[in-house]
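Student: coordinates for the following, if possible.
(chains A and B)
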Amino acid sequence: MGNTSSMLTQYDIEEVQQHCNNAFSQQEIVSLYERFCQLDRNGGGFVSGEEFLSVPEFAVNPLSQRLLTMLDGLNFKEFVAFLSAFSPRATVQQKIEFIFKVYDSDGNGKVTFNDMLDVLHDLTGQFISEHQREQVLTKVLEEAGYTKESLLVMSDFVKAYHA
Amino acid sequence: MSSGKGGELIPSSSELDLDRPNIEDYLPSGSSIQEPLGKLRLCDLLDISPTLTEAAGAIVDDSFTRCFKSNPPEPWNWNVYLFPLWCCGVVIRYLILFPVRVIVLTVGWIIFLSCFIPVHLLLKGHDKLQKNMERALVELICSFFVASWTGVINYHGPRPSMRPKQVFVANHTSMIDFIILEQMSSFAVIMQKHPGWVGLLQSTILESVGCIWFNRTEAKDRETVTKKLREHSQGVDNNPLLIFPEGTCVNNQYSVMFKKGAFELGCTICPIAIKYNKIFVDAFWNSRKQSFTMHLLQLMTSWAVVCDVWYLEPQNLRPDETPIEFAERVRDIISVRAGLKKVPWDGYLKYSRPSPKHRERKQQSFAESVLRRLEEN
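Tutor: Below you'll find the predicted structure:
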């Protein structure tokens, strides 16, 4: 007796489910809550960056720092909403929106050349020079009909994804 | 896991449920990172979903945290008939068994100390006799400890013999592993120095069986310890070394990577597999959640500690093997015998971050694929 899910009431589960637009079933939310409590070792109600980084599989991911800025200090409801893009019930639109949010670090709805360069830097580390990165990105952008100065918005991402 | 007829391992369904949330339900299928082909386009650079999916997968469940999760037995006292039975059980365990066990342990300590202190002080000159008596006394107090938990231990395999150039390795679940093994034959152990009463015991009594201390936090410590290990294993009259190469307590369902230190000493390695029966008590000592005192109290208020100990066939370094491969081979032998799932992580990641080279490897492979596809024009 004394299962962590007993601390989550039916009302809580429904509230979380509504907040993530039914991306997860109630049983999945219960499992996610167990996981959240497991990660939140000091019981503060949110998982800190340090606690996320203590998962070695997460720490070795090239995008972990970027994701940490989005994950830091989230409570459980927001945590589930964050993960909703990864649910099998998530639409392609939702996934693209999530990817857009990862790129758009200042949250102003526009992705600049530098934003894309930063993400490419995270993914390739020191194995491509700065110059080569710019070259690759410029070339690929021009082929898709954009320029270095273009500011991409959500619909551009959708278009590129469906190309 | 329960053993089938021929010793095969059959996972019980409750274990599959408790073990982890079903990760396949959270992640979209087809998220494997296939090698993209053809010319590099904008969507290939923008589509970071494989990396994101890996990250989300790690957030939702990861094999490292699973190794250190305590798995309490399923509650069975949930209805009106079983609950009174459970209450009776609690009363018997806490009010009858526990006091009896405390008495047994106290008697044991009194006998032990009244023999050990004289032997330690008076037999200073007669080294061999003193050593043998101290060994016998340590085995005695360990037997008292085991009795205080109503330990039912099945030893399988030939009893270890006292030979030089021999090192014993075992999987690690709790500090009681040492007590269980020491009960049967005297070992010298290498341990992390603990604070409190455990530390006191370590520096007085365990010194007599020849223990070696290390400190995880000290960087230079590794070399000093390796030197001490080597010296000890070459000594003829020393107790054989018992090493837990995992370096940390794991929950008896998984095994983490073995450290190669024990396998580079140029000695024969005798593997020992220890498996606790979880029906009676979960013997995993989660040092982040409980102090050792609380852990012992938990054991003393349970019905019994039931476990199997297998002394396995001694192994030697093969001519074409590196110490790391040797360590993995021995880990394989122990994991198969004790029914443990192997996990490719270093136990010390509990205390520190993984080295950047793992991330760099991923970055390198992605960088190479981008450059390669850029050429394909």
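
Student: the least confident helix or strand in chain A by mean pLDDT close to chain B?
Tutor: Ranking every helix and strand in chain A by mean pLDDT, DSSP states H and E puts helix A:154-162 at the bottom, with a mean of 85. Yes. With Cβ under 8 Å from any Cβ of the partner chain as the criterion, chain B is reached by helix A:154-162 at A:157, A:160-161. (C-beta placed from N, C-alpha, C; glycine too.)

Student: got the phi and psi for the closest residue to A:His19 other than its chain neighbours?
Tutor: Using Cβ to Cβ, 6 or more residues apart in numbering or on different chains and skipping the chain neighbours, the partner closest in space to A:His19 is A:Lys77 (5.1 Å). In this entry, A:Lys77 is assigned phi and psi values of phi -60, psi -50 (degrees, to the nearest 10).

Student: just the pLDDT at B:Glu24, thanks.
Tutor: Per-residue confidence at B:Glu24 stands at 36 (pLDDT).

Student: pLDDT-wise, which helix or strand of chain B ranks last?
Tutor: Least confident helix or strand, chain B: helix B:13-19 with a mean of 34, by mean pLDDT, DSSP H and E.

Student: can you list the domains in chain A?
Tutor: Chain A is divided into the following domains under the TED database: A:8-90, A:91-162.

Student: got a markdown table for those, with distance to B:Gln234 too?
Tutor: Output for the domains of chain A, formatted as a markdown table (distance: least, Cβ to Cβ, whole Å):
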| stretch | distance to B:Gln234 |
| --- | --- |
| domain A:8-90 | 36 |
| domain A:91-162 | 45 |
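
Student: export these as JSON lines, with columns for distance to B:Gly125 and mean neighbour count.
Tutor: Output for those, formatted as JSON lines (distance: least, Cβ to Cβ, whole Å; neighbours: other Cβ atoms under 10 Å in any protein chain shown):
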{"stretch": "domain A:8-90", "distance to B:Gly125": "53", "mean neighbour count": "17"}
{"stretch": "domain A:91-162", "distance to B:Gly125": "65", "mean neighbour count": "16"}
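
Student: average model confidence for stretch B:263-283?
Tutor: 89.

Student: try stretch A:110-122
Tutor: For stretch A:110-122, mean pLDDT is 90.

Student: now stretch A:40-50
Tutor: 85.

Student: need the distance between the two termini of it.
Tutor: Taking Cα to Cα, to the nearest Å as the measure, stretch A:40-50 stretches 10 Å from start to finish.

Student: residues of the stretch 101-250 of chain B that sit close to chain A?
Tutor: Within the stretch 101-250 of chain B, not a single residue sits near chain A (Cβ under 8 Å from any Cβ).

Student: give me the neighbour count for the residue of the stretch 101-250 of chain B found nearest chain A.
Tutor: Closest residue of the stretch 101-250 of chain B to chain A, Cβ to the nearest Cβ: B:Thr248 (13.5 Å). Other residues near B:Thr248 number 18, with proximity taken as other Cβ atoms under 10 Å in any protein chain shown.

Student: what does B:Glu74 give?
Tutor: 10.

Student: and it, what helix or strand is that in?
Tutor: Assessed by DSSP states H and E, B:Glu74 sits outside every helix and strand.

Student: what does the one 10 residues further on give?
Tutor: With elements taken from DSSP H and E, the one containing B:Pro84 is helix B:82-91.

Student: just the CA atoms of that helix, as PDB, please.
Tutor: The C-alpha coordinates for helix B:82-91 follow below in PDB (Å, rounded to 0.1, in the frame of the first residue of the first chain):
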ATOM      1  CA  LEU B  82      -6.600 -10.500   4.000                       C
ATOM      2  CA  PHE B  83      -6.100  -7.200   5.900                       C
ATOM      3  CA  PRO B  84      -6.600  -8.700   9.400                       C
ATOM      4  CA  LEU B  85      -4.200 -11.500   8.400                       C
ATOM      5  CA  TRP B  86      -1.700  -8.900   7.300                       C
ATOM      6  CA  CYS B  87      -2.200  -7.100  10.600                       C
ATOM      7  CA  CYS B  88      -1.400 -10.300  12.500                       C
ATOM      8  CA  GLY B  89       1.700 -10.600  10.400                       C
ATOM      9  CA  VAL B  90       2.800  -7.100  11.300                       C
ATOM     10  CA  VAL B  91       2.200  -7.700  15.000                       C
END
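
Student: great, nothing more from me.
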